[in-house]
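Peer 1: Sharing a model prediction with you, sequence too.
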Amino acid sequence: MSTYRLSTKFIHAGAEPDPSTGAIMTPIYQTSTYVQKAPGVNQGFEYARSQNPTRKALEEALAIIENGRHGLAFSSGVAATDAVIKLLNPGDEVIAAADMYGGTYRLFTRIFEKYGIRFIYVDTTDTANVEAAVTANTKLVWIETPTNPLMNITDIKAVAAISKKAGAWLCVDNTFASPYLQNPLDLGADIVMHSSTKYLGGHSDVIQGALVMNDDSLREKLYFIQKSCGAVPGPMDCFLVLRGIKTLHVRMRQHCENGIVIANYLRNHPAIDKVYWCGFEDHPNHEIAKIQMRGFGGMMSFTLKNDSVEAAHKVLSSTKLFSLAESLGGVESLINHPASMTHASIPREERLKVGLTDGLIRLSVGIEDAEDLIEDLKLAIG
C-alpha cells in the first residue's frame, strides 16, 4: 500500500473484502465477546475492549495513511493524548507548545501535573526554545503544527532531531493538517496524534482519537494502556471514521481551495485587523509550512480592528452558513470563539501571552461554495 499515491491510499487503506461474505465495506462487528474453540484458543479476538475486527481495520488504515507501522484508535482525541502521557512517570518532564488546544492544556495541567509530571510551555516556532528547555528529565516533546487557534508552524524535522538527542519522544498533534497535508512520522516524529472527530471523520458525526507510530516497542506500550484503561471506540464509530477516510483527499482539496479564497477575502476586508493562516507568504514560518505540508488547509483565525468581545460576538452571532459551534474539520463551515469555547480552560493571562485575545475568531472553512461563504461573512462583518 505504501507504493500507492495519496488518493488511492485513502480509498483502499484497511479495506479488505469481508472473507465470509465478500462485503466490500468492513462490517460493523457489534459484539462484546467472541466464542473460543478451547480455553485460550481463539480466532485472534477474545474481548471487544482488547480487539474488534472493525477497529482493527481502522487501525490498519490509520497506519497506512500516516506512513506508519502501527495505528491505535481511541474513544476521543483527548483519550489518545491521555494514553501518551501515561507512558511517563512522576518526575518526568514534557516540553509542550505554548499555543495549543485548550483541552490538551487542561489535561496536562489539571490532571497530570498532580501526579508529578512537569510541563514546560515554550514557543516551539523557534526551535532554540525547545533546545533550551531540555533537561535530563525531558521524556516527551508535544507539539501542534499548525497550532490551534493561531496557526503557528513548528519545524517538525528540527524538533525531532532535538528530541532524539535528548532521548525523548516527539508527539505531533496532526489534527489541523490531517494526513493528506502532512505526515510527521516521515519527518522524524515518534508518535502522531489525531482527533479523528475532525478531518478524518469529516462529517461531524463521530467522536474518536488516534495514535500512529513506527516503533514496535512503543506500540506495545500504548496498546497495553489502550487495553488496560479501556478508552476504546465502538465499532460503529470505527466504521464511520473508516468511511470518512475514503473521501479525505477530495474533501481536503476543497477545504484548501476554499481556505485560500476566504483567507484572502478576510485579509483585504477593511474591518479585519489580522488574519492567521499559514498559507500567506509573510506568515512567520511559511517557508517551513511549504516544506512539510502539501497545502495550507481551511483552518484560520482573525481579529477585527475593533478587537472587543462585543464586536466579535456580533460577528459570531450573525453568520448563517458558518455555524457557531465547537469542533472543526467537517464538510460544513463552523465559526468559533476560542476564548469562551475551545480554549476557555486556559487562564486568560496565559492566553494573552501567546496572542489569543478575547476578540479572536476561529473559522473551520467547509466545502460549500466559496462565494456563498464570502457573502455570509460579508453580511456578518458588515
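Peer 2: Cool, the structure landed.
Peer 1: Tell me the buried residues in stretch 372-382?
Peer 2: Neighbour-count burial for stretch 372-382 flags 373-374, 376-377, 380-381 (criterion: 16 or more other C-beta atoms under 10 Å). C-beta coordinates here come from the backbone N, C-alpha and C atoms, glycine included.
Peer 1: now swap in stretch 220-234 and tell me
Peer 2: 221-223, 225-226, 231-234.
Peer 1: For residue 362, what are phi and psi?
Peer 2: Residue 362 adopts backbone torsions of phi -110, psi 140, taken as degrees, to the nearest 10.
Peer 1: Now for it, how many residues are close by?
Peer 2: Residue 362 has 25 neighbouring residues, counting by other C-beta atoms under 10 Å.
Peer 1: Check residue 260 too.
Peer 2: 17.
Peer 1: which ones are touching it?
Peer 2: The neighbours of residue 260, taking C-beta atoms under 8 Å, 6 or more residues apart in numbering as the test, are 279, 296.
Peer 1: From residue 254, how far out is it?
Peer 2: 11 Å (C-beta to C-beta, to the nearest Å).
Peer 1: next one: residue 338
Peer 2: Residue 338 is 24 Å from residue 254, by C-beta to C-beta.
Peer 1: just residue 75 next, same as before
Peer 2: Going from residue 75 to residue 254 by C-beta to C-beta gives 29 Å.
Peer 1: Same question for residue 125.
Peer 2: 28 Å.
Peer 1: Compare the two (neighbour count), which wins?
Peer 2: Set residue 125 next to residue 254 and count neighbours by other C-beta under 10 Å: residue 125 wins out with 21 against 17.
Peer 1: Please identify the helix or strand for residue 211.
Peer 2: In this assignment (DSSP states H and E), residue 211 forms part of strand 209-213.
Peer 1: So in that sheet, which strands flank that strand, and in what orientation?
Peer 2: strand 70-74 (antiparallel), strand 191-195 (antiparallel) (DSSP bridges).
Peer 1: Render the CA-only coordinates of it in CSV, please.
Peer 2: C-alpha atoms of strand 209-213 as CSV (Å, rounded to 0.1, in the frame of the first residue of the first chain):
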residue,chain,number,x,y,z
GLY,A,209,-8.9,9.8,18.5
ALA,A,210,-5.9,8.0,17.0
LEU,A,211,-2.2,7.4,17.5
VAL,A,212,0.2,6.2,14.9
MET,A,213,3.8,5.1,15.4
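Peer 1: hmm, who's touching it?
Peer 2: Counting by C-beta under 8 Å, 6+ apart, 62-63, 66, 68-81, 83-84, 185, 190-197, 200, 219, 222 sit against strand 209-213.
Peer 1: Can you give the distance of that strand from its chain's centre?
Peer 2: Relative to the centre of its chain, strand 209-213 is centred 10 Å away, using C-alpha atoms, centre = their mean, to the nearest Å.
Peer 1: Identify each buried residue in that strand, please.
Peer 2: Applying 16+ other C-beta under 10 Å to strand 209-213 flags 209-213 as buried.
Peer 1: Residue 350: which of those is nearest?
Peer 2: residue 209 (24.3 Å; C-beta to C-beta).
Peer 1: Which of the helices or strands spans residue 119?
Peer 2: Going by DSSP H and E, residue 119 is in strand 118-122.
Peer 1: Remind me what that strand packs against, helices and strands.
Peer 2: strand 93-97, helix 127-133 (3 or more C-beta pairs under 8 Å, 6 or more residues apart in numbering; DSSP states H and E).
Peer 1: Against which helices or strands is the shortest one packed?
Peer 2: In terms of contact count using 3+ C-beta pairs under 8 Å, 6+ apart, strand 93-97 is assigned the packing partners strand 118-122, strand 138-144.
Peer 1: Heading C-terminal from the last one, find the next helix or strand.
Peer 2: So the one you mean is strand 138-144. Next along from strand 138-144, by DSSP H and E: helix 156-166.
Peer 1: Mind giving me the packing neighbours of that next one?
Peer 2: If contacts are counted by 3+ C-beta pairs under 8 Å, 6+ apart, helix 156-166 sits against helix 127-133, strand 138-144, strand 169-173.
Peer 1: Which residue comes closest to the residue positioned nearest the centre of the chain once chain neighbours are left out?
Peer 2: A centroid search over the chain (C-alpha atoms, centre = their mean) returns residue 175, at 1.7 Å, as the residue closest to the centre. In space, and not counting its chain neighbours, residue 175 is closest to residue 195: 4.6 Å by C-beta to C-beta, 6 or more residues apart in numbering.
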